[in-house]
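*Asks:* Sequence plus the predicted model coming up.
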Amino acid sequence: MQIGILETGHAPDALRPELGDYSDLFERLLDGHGFVFRRYDVEAMDFPRSVGECDGWLITGSRHGAYEDHAFIAPLETLIRKIHAAGTPLVGVCFGHQIIAQALGGRVEKFVGGWSVGRKSYDFEGREIALNAWHQDQVVTLPEGARICAANDFCAHAALAWGDHVFTVQPHPEFGARFIEGLATTRAIGVVAQEHIDHALANLDKPVDADVLAERMARVLKGAA
């Protein structure tokens, strides 16, 4: 089964040699589920020719805001609507979560509460799970037809689903402790408040439930949610 990874951004240059790009992180997260992957650098305007070019789609995180004026935003939103209308499996993470919600009628904005960084707990369909977060933007208005799958006191729309074929999540199941540490010591400096950086670094040794999200993502991509 071929999954198209729609790359809306890339890992920091300082982290890529050791830890890989965002697509590498997702391929490792979903290893063992029988997928083969094809990458599309949509940030650089490399788009698939049709929805049917892959069996399912995954949209990565990005340094960009979904509401910003970038050339790739409008065609990506059009592609998202086509994927949804076709009933083709679609998963989005962080920016991917936000752009899918925006494309389907929701609203995304820079959250007044600021950043969420490092290990956070969520109510995921009645089960408490922990995942690594790294975001300031949030989905603040739900699109029609979306149901909430996960939330906490800071992020009311931490995971969303449309039917059985679209699933999105705001935190990062693909980010392990080493990646969070790398972000905290490179990209966060001068951008994220020191208290958030300290929280992220202090919780690196605590476990996260990336396997729970990997299983859910794989089920959606296989059409078995």
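*Replies:* Done, it's in.

*Asks:* Now do the residue nearest to residue 118 when sequence neighbours are not counted, the pLDDT please.
*Replies:* For residue 118, ignoring the flanking residues on the chain, the nearest one in space by C-beta to C-beta, 6 or more residues apart in numbering is residue 200 at 3.0 Å. Placement of C-beta: from N, CA and C, glycine included. At residue 200, the predicted lDDT confidence score is 95.

*Asks:* Next, the contact list for residue 200, please.
*Replies:* For residue 200, the contact set (C-beta atoms under 8 Å, 6 or more residues apart in numbering) comprises 117, 118, 119, 180, 181, 183, 184, 188.

*Asks:* Just the closest of the residues you listed to residue 136, please.
*Replies:* For the contacts of residue 200, the residue nearest residue 136 by C-beta to C-beta is residue 117; the value is 9.1 Å.

*Asks:* distance of the residue sitting nearest the centre point of the chain from residue 118?
*Replies:* Nearest residue to the geometric centre of the chain (C-alpha atoms, centre = their mean): residue 93, 1.0 Å. Distance check for residue 93 against residue 118: by C-beta to C-beta, to the nearest Å, it reads 16 Å.

*Asks:* Endpoints of stretch 10-27, how far apart?
*Replies:* Start-to-end span of stretch 10-27 (C-alpha to C-alpha, to the nearest Å) is 14 Å.

*Asks:* who touches it?
*Replies:* With C-beta under 8 Å, 6+ apart as the test, stretch 10-27 has contacts from 5, 7, 9, 28, 37, 39, 43, 58, 60-61, 93, 174-175, 178-179, 182-183, 186-187.

*Asks:* Report the buried residues of that stretch.
*Replies:* Within stretch 10-27, the residues scored as buried using 16 or more other C-beta atoms under 10 Å are 10, 11, 15, 19, 21, 22, 23, 24, 25, 26, 27.

*Asks:* what does the average pLDDT come to for that stretch?
*Replies:* Rounded mean pLDDT across stretch 10-27 is 96.

*Asks:* ok, residue 91 to residue 100 distance?
*Replies:* From residue 91 over to residue 100 the distance is 9 Å, taken as C-beta to C-beta.

*Asks:* same question but for residue 74, I mixed them up
*Replies:* 14 Å.

*Asks:* give the contact list for residue 154.
*Replies:* By C-beta under 8 Å, 6+ apart, the residues touching residue 154 are 113, 116, 120.

*Asks:* tell me the contacts of the last one?
*Replies:* Taking C-beta under 8 Å, 6+ apart as the definition of contact, the neighbours of residue 120 are 130, 131, 132, 133, 152, 154, 155, 171.
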